[in-house]
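K.L.:
Structural data only, the sequence is not supplied:
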């Protein structure tokens, strides 16, 4: 019997183990992406004006900055799954839009 024929069952087992491990890792990755993906799930709730104000207050308090004023006139932008609230804010005498996502993330954008 040749040496390659003797090793053949071990190579088959090794291939089977490698393929199984790769499929397992891909499956775990797909599940993790599905669970953590914020959009297309209807998971973005409606936010009230007071909740938006709380997010903005926390944002500026982390920066130890109290020179901001939230103005009325917030509006919603984006789809149901990827909502962003545009909140007018005056900060250090300049007008901004605070873009607040449904998880409380904030980005300031200048406006004219």
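P.N.:
Done, it's in. Note that the structure is predicted; figures quoted are calculated from it, not measured.
K.L.:
pLDDT below threshold where in this protein?
P.N.:
1-7, 36-45, 79-82, 111-112 (pLDDT under 70).
K.L.:
Domains of it: list them as residue ranges, please.
P.N.:
1-36, 49-110 (automatic domain parsing).
K.L.:
Highest mean neighbour count out of those domains?
P.N.:
Among the domains of the chain, the stretch with the highest mean neighbour count (mean count of other C-beta atoms under 10 Å) is domain 49-110, at a mean of 14. Heads up, the C-betas are built off the backbone N, CA and C, glycines and all.
K.L.:
Residue 72 belongs to a helix, doesn't it?
P.N.:
No. Assessed with DSSP: H, G, I helix; E, B strand; the rest coil, residue 72 is coil; it does not lie in a helix.
K.L.:
what distance separates the helix or strand harbouring residue 59 from the centre of its chain?
P.N.:
Here residue 59 sits within helix 49-62, counting by DSSP states H and E. The chain centroid and the centroid of helix 49-62 are separated by 19 Å, computed with C-alpha atoms, centre = their mean, to the nearest Å.
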